[in-house]
Every structure is written in structure tokens, then in C-alpha cells.
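>>> I would like the atomic coordinates for the input below:
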Amino acid sequence: MTDTVPAPGFAPNAQGVLTPGSAEELANWLIPDWEVKPESVDAIRLLPTFASKLRECERVCQTSYSQVSHRVQDALALRRVQQLVNTVLLNPLWRSRLAGAGVTGAPADWEAWQRVPLSDKELQRDFFMGARPGMVVPIGEGGFEIVASGGTSGGQPLETVYPLGELRDTYEIAGRFMGEHQLAHYLAGSDPKWLYTTLADYQMWSSGTMVGGVLQQVPGVNYIGAGPVTAPVLEHMFGYPGPKALMGITAGIAILSELGAGMGREARESFRVALYGSGVLSQRKRAELLSVFPKVAVLSYFAATQAETIGLQLRAESPVLAAVPGLHVVEIVDEQGRWVAEGEEGELVVTRLHGHEAPLLRLKLGDRMVRRPRLDGPHLRTQQFEFAGRTGEVLHLNDSQYSAARACDAVFEQLRLAGGPDLGELAHDVQFVNHRESRSLVLLASVDDVAGLSYQLDVAVGPHLVHRVFVDALPQSLSLFNHGEANPASIEKTGYSFRIQLVGRASAEIERTAIGKVPLVRDRG
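Residues are numbered from 1 along each chain as shown. Reported below is the predicted structural model:
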């Protein structure tokens, strides 16, 4: 910006960095007292947007918001959540909910913020569907967008309410971040650059709308909202000159190796970034993609209906996800809603920082994350975390709980070391089926050569050793702070039997959701 005069009272020091005290002063100046505590519902719609505060912060600090210090980011985010709490206190339903947790005013610091009760999807349904009693500004005032999830985990649809203006702000912020810190590294050169999505946008399913809104705001690219594609359509799109990136659900990315198998070399080599939706893409699928598209980087785009850009994998070499500074408060918490330490696993909780009229505080999205050290480089300062699985992807063996994702990795590694087939490389989909009443745990794996790999598994390992593999692997799947809760001897005492069953790629024995996702765990009575 041309006007780079710092606001008075908290100018940068000789090194261009705001001092500790001045960070809080800056936040208080950006969101003054009359804004941080709106007096009425009518006053809410007169508040300046949070995006305008980020832009003003950039002007004062003379750099992009992604590069300002963590101290400044923390101070402004705290000031904003104070404003959010004061805002929801204008709503009687929220006021009653917070009072039940002993929260009667805005949190003085992040310690106090952690006493704000966590929200779940049931609360979201009660507050923001039907009569929508949890909205601070009533839906009748207009100016909102309603988007809906198909309920792929809980089985029931779920609606979310966004103020339209600030929703567009989030698209611009996230799109700019993607362009600067993720895609620019891969989409280089002077040729036209392309960004596609194959996300479907129908029946109020919101992924196409929400993520598409972000992708359209990535600077310097040509955007195509393709929806589900056939091989000829993919070949047509990849025939455009220039490097390409494509975002889709995990299953949609996995199938690209089949769709592109007959494509010309130049078109295949122009595919540079495959962005898959929330979850995990197996090593087998990654290898298949690279065999067809030799220059592609496979990266995670972690999103949800309630938050269209939660974390982005910036480089293929590291699985960590980076938050978009200024977009959300992202927390990794324990069962009491307290922040876990770096390196520990907890539940993902998100609070959108944008949208005055319908805030939703500390929403659990149903995902497990490992908290990683913050990124603190000269060009990017932000929070980092790593996907550990869905909250429901837990194996319950009697009174102990085991991470299904880690258990699967450990079982596959033990099998490989024992001379069995490398199912981590060969399996298309995997799913644990836990028969609790009969105490039997079956790991289903879909493969191409069922007969040949089953024979190899029996000869190299056999049923007895498979049982032993599980017994040794399960203790490795306990979280960092639960190590010691179980050992091989205690696993044996559960009375469980363990089995691996190989099935065909299209087998109905592996359950899939209506949109083709494969839950890692299925519980049976």
C-alpha cells in the first residue's frame, strides 16, 4: 500500500518489529472498545469487517498479514474472539449456554478463552437450523448464505449460516494465501496457469461452492469448476498449454491415474499439483498418480463445511498443514477443551474469525490432529498441525481406545517385516470392522490380486502370526500421553481375535458413504 505511516503509539522498533506491549496496543486500536463490545443487535451490522482490520494491520506493520509476528497475530485474534464472545452474549440462547460454563464476559486472555465451552454438530444443528435461534442477527434481516453438508459422518444433514460479505472476504484471504505460499512454488513459468476442481455442487452439497469460492480468488490462475469428469474431459482440460493444479475429494484424486492413463505425455507432465480433500490418500494411490503424472505433487487441502480452508500442506516433503493467518482460530484440545502441548494429539476445534452476525464458537469438526511447532520464517508465520484421523476412527477394545490410523500403519509395517505383502503399497482401501460382542477385529483391504496376495499372506505369515502382528502393533497406536496403558499381554487379555481379509477392489464388504468415502472404522454389535 502507498500509505505506510504507522499508527501513533506503537511504531515498529529499529528492526521493524512491534514491541510486546505495542502488539496489544495495536490490537486495541484496530478494534476499539466501542466495537469490541457492541451494545445491541442493531449495532452488529454497523461493525467494520474483520478483513478491514487485517488490511489496516498490514498497513501499520508494513508487510502482509502472513508475515507479521506471532505476537501481533495472537493479540489481534484475542481481541477478535473477545468481540465474538461479547457479540453472542447479545443472544439469550448463547448467553444461557456460556453462563452454564461460568462465562459471563469476554475472555481476558487465551487461558480464559479455553473455558468457553466447546460446540459440537448437535449444537450447530439446534442453533442454526429450523428457526435458527443461535443467530445474533435474525435470518429475516437477509444478507446470508446457507450451505449444507450431506452428513457423511453422522448421517444427518447439517446447515451452516454465513454473512455473505464476510464469506467473500474469507475466499479472498485464503485464495491469496494459496497463491503466494503453496501454488506459486509449483505453478512456475510464463505459460498460462490453470486451477480446476472436480468437486460436485448439487443438492446443497456445499464443497463445490465453498472451496470453489476460494480457488476463484487465487491470483494469476485460470479457474475451472469442472465437477466430476470423464477421461475425455480430463484429457481436454489437460491439453491446455501451461501447468495445472486440480482439487477434489480424496476418491476423486485417486481415480485420476485411471482417467489419465491414455493421455499424451506433454499433457500428463503439465499436471503439477493434486490437492485432495480432508483425510488421507494411501501410498498406493500416490504411487499410481506419480506413475501417470510424473511431475505432480500430491498435497492435502484440509477443509470442512464449517471452515472452507482449515489447513494447507505447503510442500510434498512434509505432511504438516499450515493455517491461513487471520482466517480462523485453530485449536488442538484435550477432552476438557484445553490446548495440548506441541507433539501431542487432540481434537480439532475451529472458530471462524469472520462474520459478525452468526458466530459459532469453538466448533469440534470431528478430526484428530497433532499440534506441531509454529512456522516462524521470514516469509510466513503461522500455526501448524498434522492430521491424525477422524474422531470416530478409534478402535475400542474393552475399555481402551486405539488410533485406527496408527494401528493400520503399525500392522502393515509388522507384516512387511515378517515377509508378508506390503499392503501399505498394494491396498486401495482399508477398513477395520470391530465385532464387539464376539470380540473379533477384522482388517479389510481391497487389492487387485486377491487370490495371489492371500496365498502370499498365508504362506509368509499365517493366522497365528497375523494375530501376533495385531497384538504387537496395537500398543504402538496409543497416543503420546497414553503410552503404557496397554502392552501385548493386556491385548491378549481382551479376548479379541484378529484377522486380515483381502477383498476385491469393488467389494461390497467395504462400506462406503453415499459420496464414496471409506470410513476407516465400522463398529458392529
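
>>> Setting aside sequence neighbours, what's the nearest residue to residue 195?
Counting by Cβ to Cβ, 6 or more residues apart in numbering, residue 195 lies nearest to residue 221, which is 4.3 Å off, once chain neighbours are set aside. For every residue, glycine as well, the C-beta is placed using N, CA and C.

>>> same deal with residue 28?
Across the structure, with Cβ to Cβ, 6+ apart as the measure, the residue nearest residue 28 apart from its sequence neighbours is residue 79 (6.5 Å).

>>> biggest strand in the chain by residues?
strand 363-376 (DSSP state E).

>>> Report the angle between the next helix or strand after it and strand 363-376.
Moving toward the C-terminus from strand 363-376, the first helix or strand encountered (DSSP states H and E) is strand 381-390. Following axes from the mean of the first three to the mean of the last three Cα atoms, to 10 degrees, one obtains 140 degrees for the angle between strand 381-390 and strand 363-376.

>>> Give the partner strands of the helix or strand just after strand 381-390 in its sheet and their orientations.
Moving toward the C-terminus from strand 381-390, the first helix or strand encountered (DSSP H and E) is strand 394-397. When pairing is defined by DSSP bridges, strand 394-397 lines up against strand 400-403 (antiparallel).

>>> picking that back up, for the longest strand of the chain, packing partners?
Contact analysis of strand 363-376 by 3 or more Cβ pairs under 8 Å, 6 or more residues apart in numbering; DSSP states H and E lists helix 121-128, strand 328-333, strand 345-352, strand 381-390 as its packing neighbours.

>>> if you set the cut-off to 7 Å instead, what comes out?
Under the contact definition 3 or more Cβ pairs under 7 Å, 6 or more residues apart in numbering; DSSP states H and E, strand 363-376 sits against strand 345-352, strand 381-390.

>>> circling back to that earlier point, can you report how many residues lie near the residue nearest to residue 195?
Residue 221: 24 surrounding residues under other Cβ atoms under 10 Å.

>>> can you tell me which residues contact it?
187, 193, 194, 195 (Cβ atoms under 7 Å, 6 or more residues apart in numbering).

>>> taking the residues you listed one by one, which sit in strands?
Going by DSSP E, the strands hold 194, 195 from these.

>>> Centroid-nearest residue for the chain?
Here the mean C-alpha position of the chain is nearest to the C-alpha of residue 302 (Cα atoms, centre = their mean), at a distance of 3.2 Å.

>>> In contact with it, which residues are there?
278, 310, 311, 321, 387.

>>> Of the residues you listed, which is the most crowded?
residue 311 (28 neighbours).

>>> re earlier: name the SS class of the residue nearest to residue 28, please.
In the three-state summary, residue 79 is assigned as helix, counting by DSSP: H, G, I helix; E, B strand; the rest coil.

>>> Could you number the chain from 57 rather than 1 from now on?
Renumbered: residue one is now 57, and that last one reads residue 135.

>>> got a list of what it touches?
Applying Cβ under 7 Å, 6+ apart, the residues near residue 135 are 83, 84, 87, 92.

>>> OK, contacts around residue 149?
If you count contacts by Cβ under 7 Å, 6+ apart, residue 149 has them with 183, 189, 190.

>>> Go again with 6 Å.
189, 190 (Cβ atoms under 6 Å, 6 or more residues apart in numbering).

>>> What helix or strand is it located in?
Take DSSP H and E as the rule and residue 149 turns out to sit in helix 148-156.

>>> related to what we said a few turns ago, quickly name whichever of the contacts of residue 358 is closest to residue 195.
The shortest gap between residue 195 and any of these belongs to residue 366, at 25.5 Å (Cβ to Cβ).

>>> SS state for that closest one?
Three-state assignment for residue 366 (three-state DSSP): strand.

>>> how close does it get to residue 315?
Residue 366 is 28 Å from residue 315, where distance means Cβ to Cβ, to the nearest Å.

>>> Count the residues that sit near the residue nearest to residue 351 when sequence neighbours are not counted.
Across the structure, with Cβ to Cβ, 6+ apart as the measure, the residue nearest residue 351 apart from its sequence neighbours is residue 325 (5.2 Å). Residues within reach of residue 325, counting by other Cβ under 10 Å, total 15.

>>> From residue 249, how far off is residue 325?
Shown here: residue 325 relative to residue 249, a distance of 15 Å by Cβ to Cβ.

>>> Strands of the stretch 107-256 of the chain, residue ranges please.
For the stretch 107-256 of the chain, the strands identified by DSSP state E, counting those that start in this stretch occupy 200-205, 214-219, 250-253, in order along the chain.

>>> So which of the ones you listed has the densest surroundings on average?
Each of the strands of the stretch 107-256 of the chain was assessed for mean neighbour count using mean count of other Cβ atoms under 10 Å. The highest is strand 250-253, with a mean of 25.

>>> just checking, what packs against that strand?
Using 3 or more Cβ pairs under 6 Å, 6 or more residues apart in numbering; DSSP states H and E as the contact criterion, the neighbours of strand 250-253 among helices and strands are helix 263-271, strand 278-281, strand 300-304.

>>> residues in contact with it?
Applying Cβ under 6 Å, 6+ apart, the set of residues contacting strand 250-253 is 268, 271, 274, 277-282, 296, 298, 300-303.

>>> can you rerun that using 7 Å?
So strand 250-253 is in contact with 264, 267-268, 271, 274, 277-282, 293, 296, 298, 300-304, going by Cβ under 7 Å, 6+ apart.

>>> Also stretch 401-408?
Under Cβ under 7 Å, 6+ apart, the answer for stretch 401-408 is 137, 174, 362-363, 366, 384-390, 396, 416-421, 423-427, 444, 447, 535-536.

>>> Measure how buried residue 392 is and give me the count.
Going by other Cβ under 10 Å, the residues that sit close to residue 392 add up to 8.

>>> Now it: which helix or strand?
Taking DSSP H and E as the criterion, residue 392 maps to no regular element, lying outside all helices and strands.

>>> Distance check, it against residue 171.
With the distance defined as Cβ to Cβ, residue 392 ends up 10 Å from residue 171.

>>> can you check residue 150 too?
As it turns out, when the distance is counted by Cβ to Cβ, residue 150 lies 15 Å from residue 171.

>>> These two: who's more crowded?
For residue 150 versus residue 171, the count of surrounding residues by other Cβ under 10 Å is larger for residue 150: 22 against 14.

>>> Surely the residue nearest to residue 351 touches residue 346?
No: contact criterion Cβ atoms under 7 Å: residue 325 and residue 346 do not qualify, at 11.7 Å.

>>> Okay, now the unreliable bits of this structure?
Low-confidence segments of the chain (pLDDT under 70): 57-77, 205-213, 257-264, 334-335, 361-362, 448, 454-456, 535-542, 569-572, 581.

>>> what's the helix or strand that contains residue 524 in contact with?
Using DSSP H and E, the element containing residue 524 is helix 518-529. By Cβ under 7 Å, 6+ apart, the surrounding residues in contact with helix 518-529 are 463, 466-467, 470-471, 474, 544, 547-548, 553-556.

>>> still on that earlier bit, closest one of the contacts of residue 358 to residue 564?
Among the contacts of residue 358, and counting by Cβ to Cβ, the member closest to residue 564 is residue 334, at 24.7 Å.

>>> Which residues does residue 401 form beta bridges with?
Per DSSP bridges, the residues bridged to residue 401 are residue 426.

>>> Tell me, how many residues neighbour it?
By the criterion of other Cβ under 10 Å, residue 401 has 22 neighbours.

>>> quick one: residue 534 and residue 462 touch, right?
No: taking contact to mean Cβ under 7 Å, the distance of 8.1 Å between residue 534 and residue 462 leaves them out of contact.

>>> Report the secondary structure state of the residue of the chain positioned farthest from its centre.
Checked against the mean C-alpha position of the chain, the extreme residue using Cα atoms, centre = their mean is residue 515, at a distance of 40.6 Å. For residue 515, the reduced secondary structure class is helix; criterion used: three-state DSSP.

>>> what about it, distance to residue 481?
Counting by Cβ to Cβ, the gap from residue 515 to residue 481 is 19 Å.

>>> Let me know whether residue 509 touches residue 476 as I believe.
No: with the criterion set as Cβ under 7 Å, residue 509 and residue 476 do not qualify as a contacting pair; they are 9.0 Å apart.
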